[in-house]
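**Q** sequence and predicted structure are below.
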Amino acid sequence: MGFHTFPLERAGALDDPSRYRFCSREELLELLDPAPVDHALDIGSGTGFFAAEVAPFVGTLSCLDLQPGMHRAYRRKGTPANVHLVTGVVSALPFHDDVFDRAFSVDTHHEYYSPAAMEELARTIRPGGGLVTVDWSADGTGDDGPPLAERYGPGEIVAQLELAGFDVVERRERPETVAIDARR
Ligand SMILES: C[S@@+](CC[C@H](N)C(=O)[O-])C[C@H]1O[C@@H](n2cnc3c(N)ncnc32)[C@H](O)[C@@H]1O
């Protein structure tokens, strides 16, 4: 099951540009392959740090977060017209079946993971659609990010995705993080 939720009191840390050390806009967009994307989902969007980078490249971007305060922080920064802020949890997504061409999460999978959450992602991402997961790795050093005990290893994340019916097409392991591209 997922681990502790990133606290609202630390929301400011999510806007620290040094985070691009671990995942850049360019890598995220390359993984998302957004050229034909009509509707995308940012899973656990927080203050919109990565949503703001992806929004210009997709038709509509739905940003899901369980903490309304995170959405308020994004709104204060200014949300583009094609961004929809939705309060809810991944394990009970407030969306119809097959609505997303792409979904992505950055540094969040370890917080939301549960079999029910993965089933909901499989339900709402259309057949052939993509799910990009970038997260802290249990194989990392633990020098940055959450404690190692609160992370999943690359193999565990792959197994979680496959159990929900996703096909993993690429797995990138790095010193502290992992990036996984999966298709429904
Ligand atoms: C570490 S922050 C990362 C935010 C954003 N993805 C980023 O990289 O800047 C994790 C976010 O996921 C949200 N979150 C955690 N579990 C969630 C769940 N089950 N459903 C929806 N949002 C969740 C938290 O509220 C928090 O805003």
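**A** Thanks, I have it.
**Q** and the lengthiest strand in the chain, what's buried?
**A** The longest strand of the chain (DSSP state E) is strand 125-136. In terms of neighbour count (16 or more other C-beta atoms under 10 Å), strand 125-136 has its buried residues at Ile125, Gly129, Gly130, Leu131, Val132, Thr133, Val134, Asp135, Trp136. C-beta: built from backbone N, CA, C; applies to glycine.
**Q** for these, which one is nearest the ligand?
**A** Val134 (8.2 Å; C-beta to the nearest ligand atom).
**Q** what sits against the closest one?
**A** By C-beta atoms under 8 Å, 6 or more residues apart in numbering, Val134 lies in contact with Phe22, Cys23, Leu28, Leu31, Phe104, Ser105, Val106, Asp107, Thr177, Val178, Ala179, Ile180.
**Q** could you measure Ala52 against the ligand, distance?
**A** Separation of Ala52 from the ligand (C-beta to the nearest ligand atom, to the nearest Å) stands at 10 Å.
**Q** contact partners for that residue?
**A** For Ala52, the contacting residues are Lys77, Pro80, by C-beta under 8 Å, 6+ apart.
**Q** distance from the host helix or strand of it to the middle of the chain?
**A** Using DSSP states H and E, the element containing Ala52 is helix 51-54. Centroid separation between helix 51-54 and its chain, computed with C-alpha atoms, centre = their mean, to the nearest Å, is 12 Å.
**Q** having no further points to raise, I will conclude here.
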